[in-house]
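Asker: Need the 3D shape of this:
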Amino acid sequence: MSSLLSEKIMKCGGMSSVSGAGRRMPRGFTLIELMAASSILIVVVTLALYGFMYAIKENARAMVQNELDMDVQGSMESLKKDLRLSALDKMFFYPLGSGSYSAASFPMAFADSNGTVGLGTNGKISWDETVIFHVWKTSPNQLRRTRFRPRNNSLTDAQIQEQLTYVATNGCATNKAGGGTYGWSNAETTVIFENLFDWSVEPKAGVYDGYDAVTNRDEAVNLGSCIFSNGPHTFTFTVVGSNAASKGLNIGLDTLVMSPNGLDREAELQIPENSVNPTNMLMNNVGSWSHNRQLYFAATTNGSSFTVTMTNDCWEESTFRGTGQILDDTKVVWDTNTMDYVVRLDGNLGVPDREGWYAKRQTETPWLVAGDMVGTSDTNSTLTDCAVRVLLRGSEMESGNFIPYNSAIETFYVYAGAGPLRVMGAYISRCASVSTITPDAVGPFTSLTAPLLVNANGLMPMGITYPIVKTNSYLVTYLVSPNPGEGYAKYWTESNAPGIGCWILPNGAGHEQDANWSANTNVIATSRLYALGFMQECWPTNGYFTSAVCDTKKGAVSNCIVSWEISTNSSCFATLKPAVSIQVRAGNSNDCSDAAAWSNVAYLASSGVTTNLGVKRYVQFRAKLTPCNTAGTGSDWCRLHHVRIAWDGDTRYVDVGGIFTKGPNNGIWEIKVDGQRLVRGIAVNIEIFQDVFSKQGPRRVKSILTSEVTPRNTGK
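Answerer: Just a heads-up that it's a prediction; the model follows:
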């Protein structure tokens, strides 16, 4: 029994425990082996734990980075959305200067339930709130947003800039004393980022590429905006490069828009009269340049520049082409003497059809050749012993408007036909009707000539100085000799209804000055207009040019300085001054219908004087021109060139641009105003951070984003 139990115990000890001859007892791990294995295990576990911890930390840093990137991108998109719906000319920046800026203010408008934005009474957007993004220097820096809602749309540009400056320097719109800047009680400031590293706004410079394969004008160019204060400002144009296809670096400017009123100014008139470079270049044979000229700068190297000075604010009228202007016995012409557009008296140009009344023009007889006025020769002595009455139709007469301007008759020209024409006497009187064709006259009758004989196919002058008004019509009556063969005349056939060229009264001696010819049954109406070829007028006694109405875009203009330039003939002008006089008036209606009547507006004593317009927005001027000879027969040499009306300008953002010349030899140039770049669009830079802590110390994670934004709303 004991031996069996002993055998079982041995078997339980394992196969190797069975005793037998030649076998050794088994052994375990040594202490060294166990220590080595433990060390390896510890290293492996340590590395695994370190890698696991590193992965956790990197994941945390990546999560922070992702969060920062998402914050930056979301904030940038929100900011871009707001800026795009704002208006560039309503944006203000801090600090003042050419940038970069740490704060920006802009307006916002919100659509109603119909998706539309409200407009004010002036037709422009009624902005709902003002938003200011600004940096507050603290630890760490913050990007803040201050909202003013509702926006005070009555604030001036200067007050908005002051509001922005207050918020940027104080961190919010209020102060501890319970006050603050404009609109502080409606303001709310929130923090966009706590850990702001950098936030700035950079203006995009106004740069223009003047290259094109052919010379042409580029119209309505907007280079950008900047703040203008009252008074003179310098505009520097600098060549900064050239298009690869351009052969030069030149600059060409037709007009400049550099005022709050948005009116064009002739670029070439902004440089000194005898300037060599830039120069006043005539463009008469190239295209439709305003004023037929351009400012031309011949640049030879990059960095070449020139500067002009212009004032905020003024209206310069030099082309006299405004909508709604009125020419009363004046006309706008290209003056070959001064190579300039001028306003001058109408008529007496030595050009057919513009010196006065013409038989050809009234009857609309076709011209045989340019300037031909002779009509058709009568081969019969039709007018012998007849009184003839010719109607000169004024502007109020049916089929009328053939007396071109108010003046005085200088000469009538009488034309004979195939044989001689002897006129025994001639008289002029006013027609009894202003609007209806009739042979009846209103006295008195004024004698025009003593007897005269016109040879066959010839012409002779007759007449005295007799005042005429273009709205009236006049009757010229002449008596033809009773001698046989002395009644030949040229004639023009009337083509207008009722087809009456003149009236003939046979045996008319003694009836020349009868007023009521319509009651005489012997009077014959004919479609032929006999003998009286044309009437030469003197210069108008006075001529008037009434300008278009200028919108100053200023709430109220009071005092302004009015100046003008004229060209004259020195030999006649010395005896009659002034030949040009100017009146200026103003109103609050866009057509100046509420302004004083011209008859109640005094003429200015001289060019360059200051006048008070009575605090109005819209301005208009009228020029009165008189001939150098008081009788109206002398030279017209009083010609109006340029009129300039200047007033104190508001401090506000102004769009800078104009009409520029493009061409194969033009370069790329940049403009600066008072040394500052223009704001055409803006580049927004955001950089934020967050510190991630570890055993090795804090690690700073950053997210940086830059985006260019162009506000697209005009504010109108």
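Asker: going forward, measure contacts and count neighbours with C-alpha atoms only.
Answerer: Fine.
Asker: Can you tell me how far the residue most central in space within the chain is from residue 551?
Answerer: Geometric centre of the chain, nearest residue: residue 263, 4.3 Å, by Cα atoms, centre = their mean. Noted for residue 263: a distance of 9 Å to residue 551, by Cα to Cα, to the nearest Å.
Asker: can you check residue 480 too?
Answerer: Distance of residue 480 to residue 551, given as Cα to Cα: 60 Å.
Asker: Those two: which is more packed in?
Answerer: Between residue 480 and residue 551, counted using other Cα atoms under 10 Å, residue 480 has the larger neighbour count: 28 against 20.
Asker: Next one: the more buried one from residue 378, what distance?
Answerer: For residue 480, the distance to residue 378 - Cα to Cα - is 15 Å.
Asker: And for residue 658?
Answerer: Counting by Cα to Cα, the gap from residue 658 to residue 378 is 61 Å.
Asker: ditto for residue 238
Answerer: Here the criterion is Cα to Cα. By it, residue 238 lies 73 Å from residue 378.
Asker: wait, isn't the residue nearest to the centre of the chain in contact with residue 315?
Answerer: Yes - here residue 263 reaches residue 315: they are 7.0 Å apart, a contact under Cα atoms under 8 Å.
Asker: Pop the domain breakdown of this protein in here.
Answerer: Here the domain assignment for the chain is 84-204+681-709, 207-312+651-677, 326-347+541-647, 356-537, based on automatic domain parsing.
Asker: now these as JSON lines including distance to residue 77 and mean pLDDT?
Answerer: Shown next, in JSON lines, are those (distance: least, Cα to Cα, whole Å; pLDDT from 0 to 100):
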{"stretch": "domain 84-204+681-709", "distance to residue 77": "9", "mean pLDDT": "79"}
{"stretch": "domain 207-312+651-677", "distance to residue 77": "23", "mean pLDDT": "89"}
{"stretch": "domain 326-347+541-647", "distance to residue 77": "35", "mean pLDDT": "83"}
{"stretch": "domain 356-537", "distance to residue 77": "66", "mean pLDDT": "91"}
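Asker: want to try CSV for those domains, with distance to residue 40 as columns?
Answerer: Below are the domains of the chain laid out as CSV (distance: least, Cα to Cα, whole Å):
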stretch, distance to residue 40
domain 84-204+681-709, 26
domain 207-312+651-677, 70
domain 326-347+541-647, 87
domain 356-537, 118
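Asker: Mind checking those for the one nearest to residue 35?
Answerer: Of all the domains of the chain, domain 84-204+681-709 sits nearest to residue 35, with 30.6 Å by Cα to Cα.
Asker: now that closest one, how far from the centre of its chain.
Answerer: 31 Å (Cα atoms, centre = their mean, to the nearest Å).
Asker: And for stretch 480-496?
Answerer: 58 Å.
Asker: What is the end-to-end distance of it?
Answerer: 26 Å.
Asker: Mind checking which of residue 658 and residue 378 has more residues around it?
Answerer: Neighbours were counted for residue 658 and for residue 378 using other Cα under 10 Å; residue 658 has more, 23 against 20.
Asker: so how far is residue 516 from the more buried one?
Answerer: From residue 658 across to residue 516, the span is 63 Å (Cα to Cα).
Asker: Tell me which helix or strand comes right after the helix or strand that residue 584 is a member of.
Answerer: According to DSSP states H and E, residue 584 maps onto strand 580-587. Note on strand 580-587: by DSSP H and E, the next helix or strand toward the C-terminus is strand 609-616.
Asker: which residues are in contact with that next one?
Answerer: Defining contact as Cα atoms under 8 Å, 6 or more residues apart in numbering, one finds that strand 609-616 is touched by 555-563, 584-588.
Asker: Neighbouring strands - and their directions - for the following helix or strand past that strand?
Answerer: Scanning forward in sequence from strand 609-616 by DSSP H and E, the next helix or strand is strand 618-625. Sheet pairing of strand 618-625 (DSSP bridges) gives strand 543-546 (antiparallel), strand 550-551 (antiparallel), strand 580-587 (antiparallel).
Asker: list the buried ones in the first one?
Answerer: Think strand 543-546. Under the neighbour-count criterion of 16 or more other Cα atoms under 10 Å, strand 543-546 has 543-546 buried.
Asker: ditto for stretch 641-648
Answerer: Of the residues in stretch 641-648, those buried (16+ other Cα under 10 Å) are 641-648.
Asker: Pick out whichever of those sits closest to residue 338.
Answerer: For the buried residues of stretch 641-648, the closest approach to residue 338 (Cα to Cα) belongs to residue 641, at 9.3 Å.
Asker: how close does the closest one sit to residue 341?
Answerer: Taking Cα to Cα, one finds residue 641 at 7 Å from residue 341.
Asker: Then residue 476?
Answerer: On the measure of Cα to Cα, residue 476 and residue 341 end up 38 Å apart.
Asker: Past the helix or strand harbouring residue 654, which element shows up next along the chain?
Answerer: Element membership for residue 654, per DSSP H and E: strand 652-662. Downstream of strand 652-662, the first helix or strand assigned by DSSP H and E is strand 668-673.
Asker: before we move on, the earlier item: now the strand holding residue 654 against strand 668-673, angle please.
Answerer: Compare the direction of strand 652-662 with that of strand 668-673 by axes from the mean of the first three to the mean of the last three Cα atoms, to 10 degrees and you get 150 degrees.
Asker: Was I right to think residue 444 contacts residue 427?
Answerer: No - with contact defined as Cα under 8 Å, residue 444 does not reach residue 427; the gap is 9.5 Å.
Asker: So between the two, which is more surrounded?
Answerer: Neighbours around residue 444 and residue 427, counted as other Cα under 10 Å, are more numerous at residue 427. The numbers are 19 against 12.
Asker: quick check, residue 81 in a strand?
Answerer: No - looking at residue 81 with DSSP: H, G, I helix; E, B strand; the rest coil, it is helix, so not inside a strand.
Asker: closest to residue 30 out of the domains of the chain?
Answerer: domain 84-204+681-709 (39.4 Å).
Asker: quick one, helices of the stretch 351-500 of the chain?
Answerer: In order along the chain, the stretch 351-500 of the chain carries the following helices (DSSP state H, counting those that start in this stretch): 359-363.
Asker: Strands of that one, start to end?
Answerer: For the stretch 351-500 of the chain, applying DSSP state E, counting those that start in this stretch gives strands covering 356-358, 376-377, 386-392, 407-415, 421-431, 441-449, 452-454, 459-462, 466-468, 474-480, 490-493.
Asker: Which one of those lies nearest to residue 125?
Answerer: Closest to residue 125 of the strands of the stretch 351-500 of the chain is strand 407-415 (Cα to Cα; 51.6 Å).
Asker: Can I get the strands paired with strand 618-625 in a markdown table including distance to residue 255?
Answerer: Listed next are these as a markdown table, based on distance: least, Cα to Cα, whole Å:
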| stretch | distance to residue 255 |
| --- | --- |
| strand 543-546 | 23 |
| strand 550-551 | 17 |
| strand 580-587 | 25 |
